[in-house]
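Q: pasting the structure only:
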Ligand SMILES: CC[C@H](C(=O)O)C(=O)SCCNC(=O)CCNC(=O)[C@H](O)C(C)(C)COP(=O)(O)OP(=O)(O)OC[C@H]1O[C@@H](n2cnc3c(N)ncnc32)[C@H](O)[C@@H]1OP(=O)(O)O
């Protein structure tokens with residue numbers, strides 16, 4: 001169904017032209033569930049709002065890199081119900097950000113996130129509500145992953161349960177040298193439900209994913225790097241990093257990939273996304289459409305005029 005939705009979007013865009021193509025390419029709705037799956041977004045939003053606390057904060061910067069902060073430090077940045085709703089709203093804001101190029105997802109106060117707020121989990125522990133929450137979060141995190149921005153999870157402290165799942169909804173993961181990612185679901189008598197298992201298999205392969213989920217293994221930065229869950233390790237000690245905070249280190253790391261005009265960076269993300277999610281023939285057609293948006297565009301014409309050499 002995920003594939004169908006994305007394929008439908010991309011094929012639809014290939015049949016349109018001009019401004020419609022640009023609009024479709026900016027809006028990556030990419031939801032997995034809708035009313036045909038019995039999903040009533042307003043109903044679950046109202047249920048989630050009954051569990052308040054914390055916030056999801058978004059800072060869009062002139063550099064084209066935004067910082068999304070999971071902010072509930074008194075509960076180790078656990079996700080209250082209202083934070084799940086906040087997250088979905090921030091994703092909508094990012095979908096509308098024409099000048100955006102990159103995104104860093106971090107936790108407040110030096111730790112990533114301890115997953116769902118256990119108080120809310122206890123209150124909605126019946127399967128029906130659990131499934132609704134699961135569909136809501138899968139939609140939000142799928143849209144996060146499909147943003148036309150290059151995204152990085154900056155993992156400090158702990159990323160547990162739903163927090164570990166959130167790290168997999170980013171293109172890259174940077175782990176502080178003393179941080180841990182742990183899919184603790186088995187210890188809770190559960191499996192991931194925010195899409196974390198499906199994405200983990202695609203990131204580390206099914207063998208490693210089975211070990212991480214089956215053993216609820218603590219992944220430190222060294223193991224993370226070895227199995228490809230982490231893309232790089234950041235110094236835990238700011239002094240060793242020349243006085244740079246980890247957020248500054250993450251921005252520097254990401255800026256290698258976001259240097260250049262927004263339409264080109266967004267096009268890069270889109271061709272990788274279609275290659276990642278679509279069957280080859282569909283991905284090739286989507287690539288052709290994205291190519292059409294940059295060919296003869298301002299950045300392309302400028303480069304041609306400069307007679308660039310790539311030595
Ligand atoms: C499993 C599926 C589900 C999903 O995918 O949606 C989930 O995510 S369920 C949640 C899974 N996470 C947990 O079970 C985390 C449980 N907490 C811990 O293991 C520890 O608290 C830890 C390791 C995060 C931090 O330990 P530390 O010793 O450093 O601090 P405290 O334990 O004293 O925690 C401080 C304060 O935070 C509260 N806290 C932490 N995590 C949660 C949470 N997920 N929900 C609600 N509250 C949380 C903890 O109770 C402490 O509060 P206090 O009032 O001071 O007792």
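A: Yep, it's here. As the structure is a computational prediction, the values presented were derived from the model and not from experiment.

Q: ok, the closest residue to residue 135 other than its chain neighbours - contacts?
A: Nearest residue to residue 135, sequence neighbours excluded (C-beta to C-beta, 6 or more residues apart in numbering): residue 33, at 4.4 Å. (C-beta placed from N, C-alpha, C; glycine too.) Residue 33 makes contact with 39, 135, 138, 139, according to C-beta atoms under 8 Å, 6 or more residues apart in numbering.

Q: okay if I get the residues you listed as JSON lines plus pLDDT?
A: Listed next are the contacts of residue 33 as JSON lines, based on pLDDT from 0 to 100:
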{"residue": "39", "pLDDT": "93"}
{"residue": "135", "pLDDT": "97"}
{"residue": "138", "pLDDT": "98"}
{"residue": "139", "pLDDT": "98"}
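
Q: In helices, which of those fall?
A: Counted as lying in helices by DSSP state H, out of the contacts of residue 33, are 135, 138, 139.

Q: List the buried residues in the strand or helix carrying residue 288.
A: Following DSSP states H and E, one finds residue 288 within helix 280-294. Within helix 280-294, the residues that count as buried by 16 or more other C-beta atoms under 10 Å are 282, 283, 285, 286, 287, 289, 290, 293, 294.

Q: so where's this structure shaky on pLDDT?
A: Across the chain, the ranges flagged by pLDDT under 70 are 1-29.

Q: hmm, 50 instead?
A: Along the chain, segments meeting pLDDT under 50 span 1-28.

Q: what does it have sitting close to the ligand?
A: 75-76, 78, 114-119, 121, 158, 160-162, 165, 184-185, 188, 190, 192-194 (C-beta under 6 Å from any ligand atom).

Q: got the residue ranges for the strands in the protein?
A: 55-60, 65-71, 102-107, 150-155, 158-160, 172-176, 180-182, 218-220, 232-234 (DSSP state E).

Q: Which strands border the second one, and is each parallel or antiparallel?
A: Partners of strand 65-71 in the sheet, by DSSP bridges, are strand 55-60 (antiparallel), strand 102-107 (parallel).

Q: how about the residue of the stretch 1-150 of the chain found nearest the ligand, what does it touch?
A: Distances between the stretch 1-150 of the chain and the ligand by C-beta to the nearest ligand atom are smallest at residue 115, namely 2.3 Å. Residues in contact with residue 115 (C-beta under 8 Å, 6+ apart) are 78, 79, 160, 161, 162, 163, 164, 165, 184.

Q: neighbours around the second one, how many?
A: As a burial measure, the neighbour count of residue 79 was computed by other C-beta atoms under 10 Å and equals 31.

Q: how close does it get to residue 226?
A: 29 Å (C-beta to C-beta, to the nearest Å).

Q: what does the fifth one give?
A: Taking C-beta to C-beta as the criterion, residue 162 is separated from residue 226 by 24 Å.

Q: Please say which of the two ends up with more neighbours.
A: The neighbour count for residue 162 versus residue 226, taken as other C-beta under 10 Å, is higher for residue 162 (26 against 12).

Q: Identify the residue spatially nearest to residue 50, adjacent ones excluded.
A: residue 81 (6.3 Å).

Q: my bad, should have said residue 149
A: With C-beta to C-beta, 6+ apart, the residue lying closest to residue 149 is residue 103, at 4.6 Å.

Q: Next up, the contacts around that neighbour.
A: Contacts were defined as C-beta under 8 Å, 6+ apart; by that measure residue 103 touches 65, 66, 67, 68, 94, 147, 149, 150, 151, 152, 170.

Q: Adding neighbour count as columns, could you present those in TSV?
A: Below are the contacts of residue 103 laid out as TSV (neighbours: other C-beta atoms under 10 Å):
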residue	neighbour count
65	22
66	22
67	18
68	25
94	21
147	24
149	26
150	23
151	22
152	25
170	25
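
Q: tell me which of those residues is nearest to residue 56?
A: residue 68 (6.6 Å; C-beta to C-beta).

Q: what's the helix holding residue 288 packed up against?
A: Helix 280-294 sits against helix 2-15, helix 18-26, helix 262-277, with contacts defined as 3 or more C-beta pairs under 8 Å, 6 or more residues apart in numbering; DSSP states H and E.

Q: mind redoing it with 6 Å?
A: On a contact count with 3 or more C-beta pairs under 6 Å, 6 or more residues apart in numbering; DSSP states H and E, helix 280-294 meets helix 2-15, helix 262-277.
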